[in-house]
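*Asks:* this is the structure alone, sequence omitted:
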Ligand SMILES: Nc1ncnc2c1ncn2[C@@H]1O[C@H](COP(=O)(O)OP(=O)(O)OP(=O)(O)O)[C@@H](O)[C@H]1O
């Protein structure tokens, strides 16, 4: 990997207060120019805390954060100038239109008027936002507001671009446009740190992934490295007819949600499973079935587990603000 634009070592942060959440517990992470690094993790895993420390909103207890050789803990204002951030919550743009908001940020970030105008039009066009370009912000949908926030972040991108859940609220067609923009940002030389829950889609654009769980990196590598764990595994998806539930023991643990059942099977049992499923389609017990290679999302779920996810969605530790700069 080229020399890192963002280099994090031994990052620790515990929020003070009643519940004392240990949000980051010794994180190491590098993002090189020209690459997209995906940061995955369940709700409360510590992703936003990490981002907030990179941009100097939250002060780490321990560890170092270097942005292009600048010590972001000691000199957050210098580091911030090198970073563009799309925060998890959209910055309010009341009184502006998407076009005005994007142009304004471009000018604030030092872009020249004509360049900013051109780049804004290009972004609005390619994200399919032109129908709302000149609509007052209070009348645009959540997805359009999210895409506008992305355009504001990338109109004059920093050398490090941090995107915290950029696809939230965005429809599937525009999500594709967005993913391709994210890839282009890196291909044009930016180092991109992408926080997302959308494992399936992120897999197509990231070069490296880090999975956070309870404030620690529990797995890291390329999508292929991480998916190697499930090579040879298949996922069978069944659409059940009329509440039918008679699964053979060879399917192992079957997760049923409503009329949909999902199980992992070994590739060596594929023919047997297909024969079984086909017979039950013909008998009217199954509407349809599909056998697909196990995905990175399956690896992710194995790593962080649904029970952890449920536990993490508890009440926040409180103490808002005290630890903020
Ligand atoms: N300002 C704060 N004061 C106290 N605790 C906090 C604060 N911000 C976050 N926490 C706690 O720190 C832990 C990590 O939170 P964080 O927001 O970093 O997770 P996350 O991975 O970004 O979650 P999500 O995907 O839901 O945004 C959680 O237990 C959370 O409740």
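*Replies:* Now that the structure is in, tell me what you want to look at. Owing to the predicted nature of the structure, the values given are computational and were not obtained by experimental measurement.

*Asks:* going forward, measure contacts and count neighbours with C-alpha atoms only.
*Replies:* Will do.

*Asks:* how near is residue 229 to residue 251?
*Replies:* For residue 229, the distance to residue 251 equals 19 Å [CA to CA, to the nearest Å].

*Asks:* again, but for residue 187
*Replies:* Noted for residue 187: a distance of 43 Å to residue 251, by CA to CA.

*Asks:* what does residue 105 give?
*Replies:* For residue 105, the distance to residue 251 equals 54 Å [CA to CA].

*Asks:* give me the neighbour count for the closest residue to residue 90 other than its chain neighbours.
*Replies:* The shortest distance from residue 90 to any non-neighbouring residue, by CA to CA, 6 or more residues apart in numbering, is to residue 149 (6.2 Å). If you count neighbours by other CA atoms under 10 Å, residue 149 ends up with 24.

*Asks:* surely residue 149 is in a helix?
*Replies:* Yes: counting by DSSP: H, G, I helix; E, B strand; the rest coil, residue 149 is part of a helix.

*Asks:* give the contact list for it.
*Replies:* 86, 90, 91, 102 (CA atoms under 8 Å, 6 or more residues apart in numbering).

*Asks:* residue 170 too?
*Replies:* Neighbours of residue 170 in contact, by CA under 8 Å, 6+ apart: 142, 143, 144, 146, 147.

*Asks:* quick one: mean pLDDT over the helix or strand the second one falls within.
*Replies:* Secondary structure assignment for residue 143, by DSSP states H and E: helix 142-154. Model confidence over helix 142-154 averages 95 on the pLDDT scale.

*Asks:* tell me how far that helix is from the chain's mean position?
*Replies:* The chain centroid and the centroid of helix 142-154 are separated by 15 Å under CA atoms, centre = their mean, to the nearest Å.

*Asks:* how about stretch 3-14?
*Replies:* The answer for stretch 3-14 is 18 Å, by CA atoms, centre = their mean.

*Asks:* and that stretch, what's buried?
*Replies:* Neighbour-count burial for stretch 3-14 flags 4, 5, 6, 7, 8, 11, 12, 13, 14 (criterion: 16 or more other CA atoms under 10 Å).

*Asks:* the helices in the stretch 51-200 of the chain, which residues?
*Replies:* Ranges of helices in the stretch 51-200 of the chain, per DSSP state H, counting those that start in this stretch, are 76-80, 98-108, 113-126, 142-154, 172-187, 199-202.

*Asks:* quick one: the following helix or strand past the shortest one near the ligand?
*Replies:* This points to helix 199-202. Sequence order places strand 208-213 as the next helix or strand after helix 199-202, per DSSP H and E. No: applying CA under 6 Å from any ligand atom, one finds strand 208-213 out of contact with the ligand, separated by at least 7.7 Å.

*Asks:* got the contact list for strand 208-213?
*Replies:* For strand 208-213, the surrounding residues in contact (CA under 8 Å, 6+ apart) are 29, 35-42, 45-47, 217-223, 300, 304.

*Asks:* by neighbours, which of the contacts of residue 149 wins?
*Replies:* Going by other CA under 10 Å, residue 102 tops those with 30 neighbours.

*Asks:* that one - nearest residue in space that isn't next to it in sequence?
*Replies:* Per CA to CA, 6+ apart, closest to residue 102 is residue 152, 4.5 Å.

*Asks:* could I get the contacts of residue 149 in CSV, plus columns for distance to residue 201?
*Replies:* Shown next, in CSV, are the contacts of residue 149 (distance: CA to CA, whole Å):
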residue, distance to residue 201
86, 18
90, 22
91, 25
102, 26
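
*Asks:* contacting the ligand as well, which ones from the residues you listed?
*Replies:* Within the contacts of residue 149, nothing lies near the ligand by CA under 6 Å from any ligand atom.

*Asks:* got the residues you listed as JSON lines, with pLDDT columns?
*Replies:* Formatted as JSON lines, the contacts of residue 149 follow (pLDDT from 0 to 100):
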{"residue": "86", "pLDDT": "95"}
{"residue": "90", "pLDDT": "86"}
{"residue": "91", "pLDDT": "83"}
{"residue": "102", "pLDDT": "97"}
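
*Asks:* narrow those residues to those in strands?
*Replies:* residue 86 (DSSP state E).
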